[in-house]
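1. Here is a sequence together with a model predicted from it:
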Amino acid sequence: MLLLSTDPALAEKRVALVVGISKYQQAPRLTNPARDADAVAALLKQAGFDVVNNQRDLGIVDLRRVIREFSETSRDADISVVYYAGHGIEVDGTNYLVPADAKLASDFDIEDETISLDRVLKALEGTRRLRLVILDACRDNPFANTMKRTVASRSIGRGLAKIEPTMSDTLVAFAAKAGAVASDGDGTNSPFAAALVKYIAEPGLDLRIAFGRVRDDVLKTTGNRQEPFVYGSLGGQTMSLVPPVAKPADPEAEARIDYELAAQVGTKEAWDSFLASHPNGLYANLARAQTNKLAAAQQSRSKADDARREAEEQAAQKAAELRKQLEEQSIRQTAEAKQKLSEQAKKDLEEARRQVAEQTKKQLDEARRQVELAQQQAEAARQQVEEAKRQAIAEAQRQVELAKSEQAKAEQAKADQANADQAKRVAKDDTDKLASLTPDPTVPKAPPSPQIDQTDINRLLQAHLKRVGCNTGNVDGAWDDSSRKALELFNKNANTRFDVKLASLDALDTVRSKTDRVCPLICAKGQKEDGGRCVQISCGSGSFLNSSGACEKRPEPKARTADQEQATPRHHAAPSGGGGGGKCFSFNGRSYCE
């Protein structure tokens with residue numbers, strides 16, 4: 001109970017649902033989803049999840065039941081994770097997960113035979129802290145060519161559609177960004193699943209950083225052809241699937257605090273008290289070093305005091321000896337002076353006294369100078385003692401900071417070693433698990449998707465534009481002005497907005513999905529539409545094709561005057577090549593043949 005109260009991460013409830021579908025009944029078998037799901041499930045169990053429900057090759061009934069049961073499991077959980085590997089499709093902007101028994105004969109069967117991503121997210125509403133859905137389902141749609149379209153305007157896209165989760169603290173991770181297709185991979189696992197196993201369960205690693213590393217790994221593995229994408233947002237706190245590794249307790253934390261207090265006092269008694277409480281360890285050795293420095297400083301101070309006392313004693317002794325010598329000399333000279341009664345003797349006595357006084361004064365001054373010199377030496381010795389004490393205190397404080405730095409480095413090294421050991425254990429378990437999941441040599445491997453170059457895309461789009469009545473040019477793979485005008489005409493009549501400068505797969509898929517004519521048939525002058533094509537207009541007997549391209553009845557000939565009869569003969573021979581020997585005549589400057 002004490003551990004639970006001090007570390008909230010230990011009390012978290014974490015649950016996961018892992019679904020992998022490889023054995024599709026109406027579509028080619030997928031090699032990696034089952035192995036990918038096993039690898040992710042093993043990773044989550046190793047990470048300490050309370051519940052890991054691992055399911056394989058579910059039909060629509062079982063898939064609905066499993067999601068409904070997981071909704072109850074995740075209701076009081078702190079972290080809920082759903083991982084799905086298999087086929088997923090997007091219809092009219094909604095994403096669906098395809099179970100193993102889906103037939104999808106027509107687009108009307110989508111809601112009955114698949115599970116929408118919205119239903120999966122709704123099952124996680126009861127989770128308290130983090131809702132995470134991972135979809136390794138952005139593969140090619142295997143039903144795109146066989147699915148019957150009941151509504152011509154219904155859109156079926158490539159890959160999955162972009163999603164904006166409405167619930168907070170929710171992330172939805174795609175193996176490839178919206179509208180793109182992910183690779184199933186040629187190895188034991190798909191590139192996306194292999195990167196997930198590397199990073200998402202690292203202890204203490206924030207999920208946003210973990211999925212960023214997954215993205216970089218997949219881009220590198222696929223040569224920048226596949227870019228995973230994450231939709232949704234989280235708060236400002238670190239959000240990881242596995243809590244960080246707890247740092248080891250500092251065994252010398254109390255000793256460090258006591259050492260700092262003793263260093264602030266800086267006396268021998270303080271260090272002796274510290275060593276009595278902490279006789280062993282790093283800080284005990286440092287305290288003994290400080291005690292030795294104080295002892296050396298005290299010894300230097302004692303020597304200085306002894307020198308000062310010795311100098312003072314020598315000065316006092318010299319002064320006493322000098323006074324004694326002066327007194328003896330004075331007595332001696334006085335005695336001698338008394339013996340001399342003459343004035344000269346008195347003068348000599350006075351001169352002697354003067355000389356003695358001067359000499360005594362000089363000797364006393366010299367004694368005072370020696371005493372002052374001894375005092376100066378004693379003061380210098382005292383200053384040396386104080387400087388040694390100050391240096392000892394500064395050195396003790398520096399040792400404290402150095403010990404703190406070494407302790408921090410030791411703690412970081414232990415934490416790094418713990419993280420490395422944890423990463424090695426996870427990597428070893430993942431390697432053992434993945435190694436056990438070797439592919440079955442008897443199962444045929446799905447053929448790789450054929451690559452199509454731009455010239456083939458141009459030629460196919462030109463052909464389908466001609467089929468829907470929008471292209472009147474050539475089908476030669478050269479995307480010229482005639483092709484661009486054809487796609488522009490399709491945009492106008494089909495209410496689409498494709499870029500006419502380049503033939504794209506999206507434009508090809510949309511034009512190919514049209515089963516009827518899109519662009520109206522426009523015939524040239526003198527032609528008309530007949531059965532979806534233009535044919536030459538033919539006029540009946542007594543009519544002719546006028547300059548406007550329509551049949552017009554020939555006018556009746558008017559009566560001719562006598563002058564006209566004389567000017568122009570009424571009948572003449574039919575021109576060569578007229579055929580059949582018919583008769584021709586002229587009227588108002590035109591020739592007519594019967």
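-> Nice, thanks for sending it over.
2. And the residue nearest the centre of the chain?
-> Gly212 (2.3 Å; CA atoms, centre = their mean).
3. Which of the helices or strands spans that one?
-> Per DSSP states H and E: Gly212 is located in helix 207-221.
4. what's the answer for Glu366, then?
-> Glu366 belongs to helix 343-436 when elements are defined using DSSP H and E.
5. now swap in Leu261 and tell me
-> Element membership of Leu261 [criterion: DSSP H and E] is helix 253-265.
6. Just the buried positions in that helix, please.
-> 255-256, 258-260, 262-263 (16 or more other CB atoms under 10 Å). C-beta coordinates here come from the backbone N, C-alpha and C atoms, glycine included.
7. if we can go back for a sec, which of the residues in the helix holding Gly212 are classified as buried?
-> Buried-residue list, helix 207-221, by 16+ other CB under 10 Å: 207, 210-211, 214-215, 217-219, 221.
8. Using PDB, write out every CA atom in the helix or strand following that helix.
-> Downstream of helix 207-221, the next assigned helix or strand under DSSP H and E is strand 229-233. As requested, the backbone C-alpha atoms of strand 229-233 are provided in PDB (Å, rounded to 0.1, in the frame of the first residue of the first chain):
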ATOM      1  CA  PHE A 229       1.000   9.400 -39.600                       C
ATOM      2  CA  VAL A 230      -0.600  10.100 -36.200                       C
ATOM      3  CA  TYR A 231      -4.000  12.000 -35.800                       C
ATOM      4  CA  GLY A 232      -5.300  13.500 -32.500                       C
ATOM      5  CA  SER A 233      -3.700  15.400 -29.600                       C
END
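9. For strand 229-233, name the packing helices and strands.
-> strand 170-174, helix 207-221 (3 or more CB pairs under 8 Å, 6 or more residues apart in numbering; DSSP states H and E).
10. switch to 7 Å and redo it
-> Under the contact definition 3 or more CB pairs under 7 Å, 6 or more residues apart in numbering; DSSP states H and E, strand 229-233 sits against strand 170-174.
11. Could you tell me the angle between the strand it packs on and helix 207-221?
-> Relative orientation of strand 170-174 versus helix 207-221 (axes from the mean of the first three to the mean of the last three CA atoms, to 10 degrees): 0 degrees.
12. So which residues make contact with strand 170-174?
-> Here strand 170-174 makes contact (CB atoms under 7 Å, 6 or more residues apart in numbering) with 131-135, 138, 160, 163, 165, 207, 211, 228-232, 234.
13. so which of the buried residues of helix 253-265 comes closest to Asn495?
-> Arg256 (75.8 Å; CB to CB).
14. Residues touching the helix holding Gly212, excluding its own?
-> 171, 173, 191-192, 195-196, 198-200, 202, 226-228, 230, 234, 239-241.
15. Next, count neighbours for the closest residue to Thr267 other than its chain neighbours.
-> Excluding the flanking residues, the one nearest Thr267 by CB to CB, 6 or more residues apart in numbering is Leu294, at 7.5 Å. Residues lying near Leu294 (other CB atoms under 10 Å) number 19.
16. picking that back up, what are the buried residues along the helix or strand just after the helix holding Glu366?
-> The helix or strand immediately downstream of helix 343-436 is helix 454-467, counting by DSSP H and E. Across helix 454-467, burial judged by 16+ other CB under 10 Å covers 457-462, 464-467.
17. Out of the residues you listed, which comes closest to Gly540?
-> Gly540 lies nearest to Lys466 out of the buried residues of helix 454-467, by CB to CB, at 33.7 Å.
18. Identify the residues contacting the nearest residue to the closest one once chain neighbours are set aside.
-> Nearest residue to Lys466 in three dimensions, chain neighbours excluded: Val475, at 6.3 Å (CB to CB, 6+ apart). Applying CB under 7 Å, 6+ apart to Val475 gives the contacts 459, 462-463, 466.
19. can you redo the residues you listed as CSV with pLDDT and distance to Glu488?
-> Formatted as CSV, the contacts of Val475 follow (pLDDT from 0 to 100; distance: CB to CB, whole Å):
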residue, pLDDT, distance to Glu488
Arg459, 89, 19
Gln462, 90, 14
Ala463, 91, 17
Lys466, 89, 15
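20. What helices and strands are in contact with the helix holding Leu261?
-> Packing contacts for helix 253-265, counted by 3+ CB pairs under 7 Å, 6+ apart, involve helix 268-277, helix 282-339, helix 343-436.
21. before we move on, back to that, which one of the contacts of Val475 sits closest to Asp36?
-> Arg459 (37.1 Å).
22. Go ahead and confirm the closest one touches Ala478.
-> No - in this structure, Arg459 is not within contact of Ala478 by CB atoms under 7 Å, at 8.9 Å.
23. What residues are bridge-paired with Ala16?
-> Val52, Val81 (DSSP bridges).
24. Now do the contacts for it.
-> Going by CB under 7 Å, 6+ apart, the list of residues near Ala16 reads 44, 49, 51-52, 81.
25. Buried among those? Need that as a selection in PyMOL.
-> Applied in PyMOL, the following selects the buried portion of the contacts of Ala16 according to 16+ other CB under 10 Å:
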select buried, resi 44+49+51+52+81
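26. ok so, going back, distance-wise, check the residue nearest to Thr267 relative to Met147.
-> Leu294 sits 91 Å away from Met147, going by CB to CB, to the nearest Å.
27. Is Leu130 bridged to anything, and to what?
-> With DSSP bridges as the rule, Leu130 is bridged to Ile79.
28. What residues does it make contact with?
-> By CB under 7 Å, 6+ apart, the contact list for Leu130 reads 79, 169, 239.
29. Now render those residues as a markdown table, adding distance to Lys346 and pLDDT.
-> Formatted as a markdown table, those follow (distance: CB to CB, whole Å; pLDDT from 0 to 100):
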| residue | distance to Lys346 | pLDDT |
| --- | --- | --- |
| Ile79 | 124 | 95 |
| Asp169 | 123 | 90 |
| Met239 | 118 | 88 |
